[in-house]
Structures are given as C-alpha cells and as structure tokens.
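Participant: Okay, structure incoming, though there's no sequence with it:
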C-alpha cells in the first residue's frame, strides 16, 4: 500500500510541472497587460511596474524564477491586489470553499445514496421512477438556475434563510443545497446502477436464500459493493465541489477561492493564476489518490493486484 | 460493522439539517418582522453595496470607483467632497487658502487634524504624500493627475531627481504651498480626488518605504485621517469601517459604522437588497429598471450623472477617414429608441460628449436622427445605399448591455445605410489593449468625469492623448484646450472649451449615444444623500434615521 501511495506521489511531480508550464505560457501568450487601466497608464509607469514584478526579464528566466518561488512556497507578489499575496488569498478563501464543498458533499451523499438504494431495491415502481425523474431534473438544471430560485423562494418570499454572506449558520443552507443537489442527483443515479448490478449477483441471492431480511440483504450485503461507482466518483466530485463553486459563490456572495480564480484570469494576474491553478491541481490529485486508497480498502479484488 | 452504522449516520445528519433549517426559521426574523437593514439602522450601521472587491484601498494606488468610496471614508484631503454641490470646495484638512494668479497656492491646515493613531496631520505629511505619488518606482497609475504641480511630470518620469525642485513646500508645520506648472483656477475641484490624499509617513516607511508598489500597510495597519478608520477587512466579504475618534470633526460624524460589501454580481446585489440586507444598492440590473419604475419602488433612484456612453471611430482607417462617413454613421442612429428600448433607464440622449448640467456651459449639439441626410452623406462619400462599403469591425468589452446596444445599432446601420458591422467582444484587459492599438474600426467607449468641468471630457481628444483612442487630432483644438487651462477668466475659458467641443463634434471621431444616469436603490432611512453629478459622498453628512413604527 505504501509503495502504491509513494508511486502515485512521484507521478504527481511531472504532472504538476506540465500544468505549471502550460499555464505559464498560456498566460504569456494571452493578450492584454496586467497594468492597463480604463484611463491610459503612462508607458514609464507600466515599465516601472513590469520591472518590479519581474516581467522585464527574459521569458526563460521568469519561467524559472516563478517556478522556484512556487517550489519554496514563497508565492510571488500579485498584481491585481497590490499588497496581498496569493498565500493571503488562498489561506483566507480556501477554508470557505472547502467548508462549502463539505456541506454540499454531505447533502449529496445523504440524499443521493438512500434515494439510489431505494430505487434499486424497488426497481420499476413509483419509488424508483419518482426519485430518478427528480434526479434527472437535478442534473439538467444548472446551479445558476437553481440558486436564484432557492434564494427567491426560501430567502425572499418565506424569509427562512439568508440569501447572501458566510457568517451565520443560515448563510450556509442555500449555497450548500444549490451545490449539493446536482451531485445528489448524480450520486443517486450511480448508486442505483451499482446496486442493481450487485443485487442480481449470486452472493446476494445466497444471502436471501439463507433468510436474510430484505434490509440486511440490501444494506449489509449489497451496499458495500453497490456504492463502489459512487466512491470512484467522489474524488472528482469533491474536487469539482471545492474548485467549481464559482457560480454558487457569486450568486450567494461567498468569499471563496473560486471567485478569485476567475477574477485573476480577467485581471491577467499571472502569479495569482499560477498559484491557484497549482493549488487546485495538487488538491485534485490528492482527492483522486485518497479515493483510490479507499477503493482498495473497499474492494478485495483490487488488493491482490 | 461499518455498514450497519451508515443508516443511523444518515439519519443523524438528516436530523441535523432539519434542525438547522428550523433554527434558520426561528432566528432570521427578529421580533416584529424587521429586516437586517432595520436592525442595522437602529445600530447606526450603513450597509453599502460596493460592486466588487477594490484592487487596493491605498489612496495612491487605487484606480477604481469602489476603492475610492472606501478611501474617502478613511482619508481626508485638503479639500473634501461637498455634501450637495460639486462646484463648491468643502474645507477638509485645509481650513483656509489663498492664491496668487491661480499658480501659487497657500493652504492653511487646521491644527486639530489628527491621524487615526493620534499623530497630528501636518504640511510635511502632504509633501511626503505628493512625493510618494510622484515617485517613479511606486508606479502609481494616476500620478499624471499631479502633473499640474510644477516639475511634477519631470520628477515622475525620472528626468528630475531632486524633489525640492517640485512645487510642493511646507512653509511651516501647518502651511502648505503649491507652485503649479501654470494657472489652474479650478485647482480646488481637482484636489478632491483621492490621489491628492495624504498618507502617514512613518507607517509607509515601516512597510517598505516610499517606493514599494505592494506594501501591505493598508491591510495590517491602516493609518488614515478621515472620519472613519478601518475595523475589519475580509477579502471578497466586507470592509468595515468605524468612526475615527481622532477625526477633527468627529462630533459631526453620525453613522457609527459603514460596511462596504463587495457584491460584484448585479443580480445577487438586487437579491441581497430585496432580502433587506443593504441600505444602498450600487447597481440595478437593467431588466429590473422598468419594473421598479412601474411599481413606484420607494428605493429606486435615477439621477443625472457626469458620464457619457459613446462610440469611438478609428479615423486612421481608410473608410472612416472620410468625415462624411463618420457623420452618416451618427445620423443613422436613433438614440431615443436605444434609451427607450435597450437601456430603459430614462437616460438623456447624448448629442455632445459633455453632459448638460455643468454650470455656465451649454454644450454644442450634434444633429439628431436623420436617415435621409445620413444616406445622402454616405452616397456622397461613394457608397450609395451602402454599396461597396466594407464590413466594419466593432469591438466592445464583454457585457450583456453593451452587446444589446451594439446589436440595436448594427440593425439601424443596416436598415438606414445598408452597411454591415461584425461584433466582437473581448474581456476587459484585452479590450483596452485592442482599443489603445487602434485595432478596430468602431469601439465602445464611456467616460465618467473626474470633476464638474468640460475639460474632464474634452482634454482626452488632444492629439496623441493616451485616452484619445481614435487617431484624430486637430491643432486648433489642441491650442484651445491648452489655452483654456491657463485662461484666468472663467467665462472666456468656457467659451474656448465650447469652441473646442464644436470642432470635435463637427469632425466626429466619436459618436455620443447617451448620458448615463446614476441608477441605484437606497433605503429612505438614509438621510443627507443628495443627487450629485459626480456621485462622490462625504460620509460625515450622511445619517440613518430609524422609521417610526406606527404599530408600536
């Protein structure tokens, strides 16, 4: 197991380097200057700023310098918010995105797995069709539609929850729901598929033949194998929840990392883009690795490979 | 083993969620059905929608409107914003002033002005601040606003190394003398701008010195001299300011705290205001404007603003080099239809670059919508019914509204003149670069005046000016603008600017479309908030008055 983890970590290094290189050159080749402004900025001012931020060096030197700074975790200064560093921004906003992602994931699992299990156990009945149709709706409706609808109904008409901010517990409800519902729908469908396959397998039939109750057959015997597709989906899902929450952060005015990520590209802020891309990349790799570990633990077949 | 626990775990999480929802129901409504806004009104807190996280709240480095709304609460210049009339000087740190030939100005500073750490504000602070603003290494983007100071430009461009030759001098601790590059009668209007604000020298020195472009003092130790001081700053969440006890006029400051909320999404801001969590909504989504107007929304305001929406034409392009083509393009636009059908905010149509409302100045006007004359001019230029006219490249910065305006005009030009344009949107930074490089034929443009005087618009169209963006130039125009700056007689100055604008409109390197209105929403509990052409606020004159409840 340890060799497996170490091997995967070693594989991450060239991948991160490739991501760094591609991002670096994509920013370099995109048009616009980070120092331009609505009112024309004098050439000597742009020159002074470029000098300070190291943009006057030859490109290979910049490439290496920035890489070294990232390796030493000494993130280079950012241009879109002078005075702040990418470290300030990530350390202040990532915990928010992470918390939002975790709540959304909890909602997705709490709603998705039971719905999927139920649908599989009662295949081709109303208990199957109703949640699966709902899930289809959930998958089709994008967050920027669900979010404002939830805000309008629960925040403005009913006044149950708040519609913006990230201070009180009520602030967490709508964004987590908005983000979680899409994944809940997806997980429900995956669970149903996985469970259907396992429920028709021999060992479940044996268990039933031996007189196991329906609950025991489904939950104890089948679930462990049935949710494997969900587990392999969790890695990308968690990464998606944590990194892809830009829209939800915007709709509900949440100070998360997603907004910085998008704004950095609009501002052509090279160091902030690089730092966040590398941070996200590392995060996604970690998420995938942990999922692989969990899968090995859950699935005896993989253990012997 | 593990699996058996799963259902109970689910159950408990579910109960927790249900409980949270119940909790939400019980605590989001305070007794009496009050909104958060009413509660804040009673607590003396102004909840201010501020459109987005400002790039900086360092008064010398910030270039954004939302940033200057915060710096003007935290820092005070020699002259402050007047609560009602933008033409009047409101004494700030300067108690009184006098000038000789409007070139040599002396400001007498009040002796009780204090920094938020208790230090006195002196004339030396202003000398230090102007030196910082002009220090080339700092790279302040708006340093050019201080070029009216004698030798300011030379010092900023590095041609002059000795700051003592720049026209800023502290005659003693409380007397500041400014020697300008030329007579500037409206100096008092110019120095209201945040680039002229003072900074606390010991703090700047402690955070990397005068030339450090990314010093962190604004975040770690903001020392200001304004009516408010920084309380908390959480990126993308809020910047909260509280009353500065050391402010010289602290007794007059009524609102206890202002919370600037950086809500960049305009639909979100609308939703936040509607849920009762804002006193001031910076932007109203254009779809909502007609609805609020129709409903007589008690919060809705639409007021004249010193801002113009217009298109720039690239006169270096062979087709657009012909003046008749440019005039035809302008005459073929039905501006009234654009305001009524697309903008929907009751804006005034623009037939001049300078908006109405500047005291003593009646701008010359372009001819209105005239399709026949437009067709005739185009035919004279060699394109009868648009035959042989190439497809023009039109660029705009990505925005739904700009796109709608552009599509309306695309249709008008096709219907009236029979010519085609291709629309191309670009993200902001790329757009600015394309426009600067004249890599377009028609480009969207807009300008908000820095102060209430025509040259805040007209000076851009001098030959080769950084904001000209059309390639157009006229020596007579340049001469008029240059002379008007130093003309001591104010009536004569306005006359010169009038002649200049007549030349500009006749040559038509630009097509003015409409004058922006300042459209926003505000809670009636906010008192002392008057319509202002520049939309600059002096917070010490603003107060919150809880509404008297009839039921209680």
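Facilitator: That came through, no problem. This is a predicted model, so every value here is computed, not measured.
Participant: Name the residue closest to the centre of chain A, please.
Facilitator: Centroid check for chain A by CA atoms, centre = their mean gives residue A:240 as the closest residue, at 2.3 Å.
Participant: quick one, what contacts residue B:306?
Facilitator: B:355, B:357, B:358, B:448, B:449, B:452, B:456, B:533, B:534 (CB atoms under 8 Å, 6 or more residues apart in numbering or on different chains). Yep, even glycine has a C-beta here, placed from its N, CA and C like the rest.
Participant: burial measure for residue 217, as a count.
Facilitator: This is for chain A. Neighbourhood size, residue A:217 [other CB atoms under 10 Å in any protein chain shown]: 22.
Participant: that's the wrong chain, I wanted chain B
Facilitator: Residue B:217: 19 neighbours (other CB under 10 Å).
Participant: Spatially nearest residue to it (excluding sequence neighbours)?
Facilitator: Residue nearest to residue B:217 in three dimensions, not counting chain neighbours: residue B:207, with 4.0 Å by CB to CB, 6 or more residues apart in numbering or on different chains.
Participant: ok, back up a step: which among the contacts of residue B:306 count as buried?
Facilitator: Buried by 16 or more other CB atoms under 10 Å in any protein chain shown: B:355, B:358, B:448, B:449, B:452, B:456, B:533, B:534, out of those.
Participant: which one of the residues you listed sits closest to chain A?
Facilitator: residue B:448 (9.0 Å; CB to the nearest CB).
Participant: Next up, phi/psi of that closest one, please.
Facilitator: phi -110, psi 130 (degrees, to the nearest 10).
Participant: Pull the contacting residues for the residue nearest to residue B:217.
Facilitator: B:215, B:216, B:217, B:220, B:221.
Participant: would a markdown table of these with secondary structure and distance to residue A:220 be doable?
Facilitator: Formatted as a markdown table, these follow (DSSP: H, G, I helix; E, B strand; the rest coil; distance: CB to CB, whole Å):
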| residue | secondary structure | distance to residue A:220 |
| --- | --- | --- |
| B:215 | coil | 63 |
| B:216 | coil | 57 |
| B:217 | helix | 62 |
| B:220 | helix | 57 |
| B:221 | coil | 61 |
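Participant: Just the closest of the residues you listed to chain A, please.
Facilitator: residue B:216 (4.7 Å).
Participant: Without its sequence neighbours, what residue ends up closest to the closest one?
Facilitator: residue A:83 (4.7 Å).
Participant: Near chain B, which residues of the stretch 201-305 of chain A are found?
Facilitator: A:219-220, A:223-224, A:250-253, A:255-256, A:259-260, A:263, A:266-268 (CB under 8 Å from any CB of the partner chain).
Participant: Any chance of a ChimeraX selection covering the buried ones in those?
Facilitator: Typed into ChimeraX, the next command selects the buried ones out of these (criterion: 16+ other CB under 10 Å):
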select /A:219,220,223,250,251,252,253,255,256,259,260,263,267,268
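Participant: Hmm, the residue nearest to residue B:216 is touching residue B:221, no?
Facilitator: No: between residue A:83 and residue B:221 there is no contact under CB atoms under 8 Å: 11.6 Å.
Participant: OK, contacts around residue B:343?
Facilitator: When contacts are counted by CB under 8 Å, 6+ apart, residue B:343 touches B:286, B:401, B:405, B:514.
Participant: burial of the third one, as a residue count?
Facilitator: Applying other CB under 10 Å, we find 20 residues neighbouring residue B:405.
Participant: Quick check: closest non-adjacent residue to it.
Facilitator: Nearest residue to residue B:405 in three dimensions, chain neighbours excluded: residue B:342, at 5.5 Å (CB to CB, 6+ apart).
Participant: Just confirm residue B:424 is within a helix.
Facilitator: No: Residue B:424 sits outside any helix when classified using DSSP: H, G, I helix; E, B strand; the rest coil, being strand.
Participant: Give me the pLDDT for it.
Facilitator: What the model reports as pLDDT for residue B:424 is 95.
Participant: For the residue lying closest to it once chain neighbours are set aside, give me its contacts.
Facilitator: Among residues not flanking residue B:424 along the chain, residue B:395 sits closest, at 5.1 Å (CB to CB, 6+ apart). Applying CB under 8 Å, 6+ apart, one finds that residue B:395 lies in contact with B:424, B:425, B:426, B:431, B:434, B:435, B:440, B:442, B:443, B:444.
Participant: Three-state assignment for residue B:320, please.
Facilitator: Assigned by three-state DSSP, the conformation of residue B:320 is coil.
Participant: where does the chain dip in pLDDT?
Facilitator: I'll assume chain A. Applying pLDDT under 70 to chain A flags the ranges A:244, A:303-305.
Participant: please go with chain B instead
Facilitator: Ranges of chain B meeting pLDDT under 70: B:1-33, B:548-552.
Participant: Point to the residue nearest the middle of it.
Facilitator: Geometric middle of chain B (CA atoms, centre = their mean) lands on residue B:65, at 4.3 Å.
Participant: ok, it - contacts?
Facilitator: Taking CB under 8 Å, 6+ apart as the test, what residue B:65 contacts is B:51, B:448.
Participant: measure it to residue B:191 for me?
Facilitator: Going from residue B:65 to residue B:191 by CB to CB, to the nearest Å gives 18 Å.
Participant: One more: residue A:141?
Facilitator: Residue A:141 sits 54 Å away from residue B:191, going by CB to CB.
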